[in-house]
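Colleague: okay, predicted coordinates and the sequence, questions at the end:
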Amino acid sequence: MQEHNIISFMPDWAFFTLLALFAIVLIFLIIRIFFSKPKHYSYIEDTFYNVVWKWSWKKEKIRNLYCFCPKCEESLVYDDTSCKERFALHKETKFICEKCHYSSSLGGGDISHSLKIIEREINRKVRLNIYEK
Ligand SMILES: [Zn+2]
């Protein structure tokens, strides 16, 4: 008597259908694991300190953080000259819209200080999962 394994009992079409299904599931899993993006990657815009901020994500880091006018969407220019004076009492970074003259400011330091504040705000919202989806 000849021994048979389960595959030899199957018609060819069933075997190839199973193989195809297996391949599809495998490809799906690979895509899921290697190409899925974290949920917060869709969080790329918010308003902080009356200014619209936009950025992109690279891994877990915020990149290309930039600010825009909340009134006309023009990109803002900044002025942190108050921080350049050695004994300045009031350090701040002003954000100014050259188109509609809207302005806002962030106290405490120069542009890099301000950007760090915004990055912390973004990271805090991601961590607490309280950003708008
Ligand atoms: Zn404006």
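Modeller: Looks like it arrived, so ask away.

Colleague: next SSE after the lowest-mean-pLDDT helix or strand in the chain?
Modeller: Ranked by mean pLDDT, DSSP states H and E, the helix or strand of the chain with the weakest confidence is helix 6-9, at a mean of 67. Sequence-wise, the next helix or strand downstream of helix 6-9 (DSSP states H and E) is helix 12-35.

Colleague: check what contacts the helix or strand following that following helix and list those residues.
Modeller: With elements assigned by DSSP H and E, the helix or strand that comes after helix 12-35 is strand 45-48. Under the criterion CB atoms under 8 Å, 6 or more residues apart in numbering, residues 52-55, 70, 117-118, 121-122, 125, 131-132 lie in contact with strand 45-48. Where you see a C-beta, it was placed from the backbone N, CA and C, and this is true even at glycine.

Colleague: redo that, cut-off 6 Å
Modeller: The contact list for strand 45-48 (CB atoms under 6 Å, 6 or more residues apart in numbering) reads 53-54, 118, 121.

Colleague: residue ranges in this structure under the pLDDT threshold?
Modeller: Scanning the chain for pLDDT under 70 picks out the ranges 1-8.

Colleague: spell out which parts of it neighbour the ion.
Modeller: Contacts of the chain with the ion, taken as CB under 5 Å from the ion, map to 69, 71-72, 74, 97, 99-100, 102.

Colleague: hmm, back to that, what's the farthest-apart pair in the contacts of strand 45-48?
Modeller: Using CB to CB, the contacts of strand 45-48 span at most 13.6 Å, a distance reached by Lys54 and Glu121.
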